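> when you get a sec, could you give me coordinates for this:
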Amino acid sequence: MTTSLYLPRSRIVSVVNNKSNRIFTEVFLHLIYGKQPFAPTSNLPMEIIMSNQKHRLINQAILGIATTFGLFSASVANAASLNVLWYGQTDAYNAKISELAALAPTFDPEGDGSLDWNLTFWNPQDSTPNFSNYDVLAIGTAWSESILNFDPTGILNNKSAISTARGNRTFLSGQDADNHYSGTPGPRPNGPLGFLVNAVNWAGSGEGMGIVVLPDGGDSRDPRSRKWWLNDRSFLKDELEGYVSYFWEENVVIPTETSDFPVNEGLTTAGLSNWRQSAHAAFDKNIPGYLSINDAGSRPGYAVTIVTDSEADGDTLGQETEKVPEPGSIFGLFLLGSLGVRSVLLRISQ
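Predicted coordinates:
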């Protein structure tokens, strides 16, 4: 007696989230069911002919294991998130940042994973938050124009608390990507959107509370527009004093040596340039403890964006303490375990 079992491959393959895991799935099914031909497309049925009722039960049990793995893998892939604390400005500004947070999980140009943002606004007159509850603090462009109306009160009043919670990753930029996200060129993946998502994801994927800081002031010609970087109560003053210059820059260049870093994922020199005043400040590239990931094209020796040197090539997939094994690694364990179960059950059935 033979039994024909209809098994759409998509039932299992659809829950596997990247190419390598789909390959593992193909191998898994081939090993379990023997040298049965696979249909050329995932939507066609795979006929599994078995002459022994016990073999059918064994294979169904193993299929259950594979399905369990698939569901587990899918839930793991969607579990990663960051607790993001964003220093608020106007209602219109905060609405744009909320829009950005909703788009953050969709930005994954290399297909290696993305992060959800659990976004909280800390407005200037709010009480001091518990910074230890957050993976990253983002401080937007300090300027009063359009939807921007930056008040440094909260930042300057909490120098000690921020310094205590501050982790091992800091991202500093003279590029006002939050302002250009709402203006020109807008929420472009290879532009303000990708720049901001990478910045927050990178800073939030280290130890402690990461820091993202956008430019202090919008008018590089007017010192009065600068609100906090070099203020005596700024947690950044000691690091930045003597290493910051204020000028407009249109040509933002990603250096070859950092172009493959996760913090630059999906971004190009062309995508970061020609924003109609792309940057408003820059840093001497000799600043201790930092590395340039975006250079000022018109000013050799200056960087538009710098990050903590020791963490510059770090990933953007969440903090180490929150990570779980890659689905592919888990799959390998399921594969070995399933084959072992099959071997034991076959011996029993003989």
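> would you say residue 184 is within a helix?
No. Read with DSSP: H, G, I helix; E, B strand; the rest coil, residue 184 is coil and lies in no helix.
> I figured it was touching residue 277, is that so?
No. In this structure, residue 184 is not within contact of residue 277 by CB atoms under 8 Å, at 9.5 Å. All C-beta atoms are positioned from the backbone trio N, CA, C, and that covers glycine.
> ok, the two, which is more surrounded?
Comparing residue 184 with residue 277 by neighbour count (other CB atoms under 10 Å), the higher total belongs to residue 277, at 17 against 14.
> give me the neighbour count for the residue lying closest to the more buried one once chain neighbours are set aside.
Ranked by CB to CB, 6 or more residues apart in numbering and with sequence neighbours excluded, the top spatial neighbour of residue 277 is residue 248, at 5.1 Å. Using other CB under 10 Å as the criterion, residue 248 is surrounded by 18 other residues.
> now swap in residue 231 and tell me
For residue 231, the tally of surrounding residues (other CB under 10 Å) stands at 16.
> now the closest residue to it other than its chain neighbours: how far from residue 263?
Of all residues beyond its chain neighbours, the one nearest residue 231 is residue 156 (5.9 Å), with distances taken as CB to CB, 6+ apart. Separation of residue 156 from residue 263 (CB to CB, to the nearest Å) stands at 27 Å.
> settle it for me: which of the two has more neighbours?
residue 263 (25 against 17).
> all strands for this structure, in order.
Listed in chain order, the strands of the chain (DSSP state E) span 3-8, 45-50, 81-87, 116-122, 136-139, 144-145, 148-149, 166-173, 209-213, 244-245, 252-253, 282-284, 290-296, 302-308.
> ok, which of the ones you listed comes nearest residue 269?
strand 252-253 (5.1 Å; CB to CB).
> what lies in contact with that closest one?
The contact list for strand 252-253 (CB atoms under 8 Å, 6 or more residues apart in numbering) reads 175, 269, 272, 273, 278, 279, 294, 295, 296, 297, 304, 305.
> hang on, isn't residue 282 packed against residue 249?
Yes. If you go by CB under 8 Å, residue 282 and residue 249 touch, sitting 6.4 Å apart.
> quickly list what's touching both of those two.
Overlap between the neighbourhoods of residue 282 and residue 249 consists of 174, 296, 299, 304, taking contacts as CB under 8 Å, 6+ apart.
> show the contacting residues for the third one.
If you count contacts by CB under 8 Å, 6+ apart, residue 299 has them with 245, 247, 249, 282.
> return the backbone torsion pair for it.
Main-chain torsions, residue 299, degrees, to the nearest 10: phi -130, psi 90.
> among the contacts of residue 299, name the buried ones.
In the contacts of residue 299, burial by neighbour count holds for 249, 282, counting by 16 or more other CB atoms under 10 Å.
> reformat the contacts of residue 299 as TSV; add distance to residue 317 and pLDDT.
Below are those laid out as TSV (distance: CB to CB, whole Å; pLDDT from 0 to 100):
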residue	distance to residue 317	pLDDT
245	34	95
247	35	93
249	30	96
282	29	97
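> determine which two of the contacts of residue 299 are furthest apart.
It's 245 and 249 that sit farthest apart of those, by CB to CB, at 10.1 Å.
> what's the closest of the contacts of strand 252-253 to residue 207?
Each of those was checked against residue 207 using CB to CB; the closest is residue 305, at 21.2 Å.
> quickly list what that closest one is bridged to.
residue 173, residue 294 (DSSP bridges).
> roughly how far does residue 242 sit from residue 229?
Residue 242 sits 12 Å away from residue 229, going by CB to CB.
> how about the helices in the stretch 251-350 of the chain?
Taking DSSP state H, counting those that start in this stretch as the criterion, the stretch 251-350 of the chain carries its helices at 269-272, 327-349.
> got a list of what the nearest residue to residue 271 once chain neighbours are set aside touches?
Leaving aside its chain neighbours, residue 271 sits nearest to residue 190 (3.4 Å; criterion: CB to CB, 6+ apart). Residue 190 makes contacts with 266, 267, 268, 270, 271, as judged by CB under 8 Å, 6+ apart.
> show me the two of those that sit farthest apart.
Spanning the widest gap among the contacts of residue 190 are 266 and 270, at 12.5 Å by CB to CB.
> tell me how this structure divides into domains.
Following the assignment in automatic domain parsing, the chain carries domains at 3-77+328-349, 81-317.
> buried subset of the contacts of strand 252-253, written for PyMOL?
This is how PyMOL selects the buried members of these, with burial counted by 16+ other CB under 10 Å:
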select buried, resi 175+272+273+278+279+294+295+296+297+304+305
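> redo the contacts of strand 252-253 as a markdown table? Include pLDDT and distance to residue 164.
Below are the contacts of strand 252-253 laid out as a markdown table (pLDDT from 0 to 100; distance: CB to CB, whole Å):
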| residue | pLDDT | distance to residue 164 |
| --- | --- | --- |
| 175 | 97 | 28 |
| 269 | 98 | 37 |
| 272 | 98 | 33 |
| 273 | 98 | 38 |
| 278 | 95 | 34 |
| 279 | 96 | 30 |
| 294 | 99 | 29 |
| 295 | 98 | 33 |
| 296 | 98 | 33 |
| 297 | 97 | 37 |
| 304 | 98 | 29 |
| 305 | 99 | 25 |
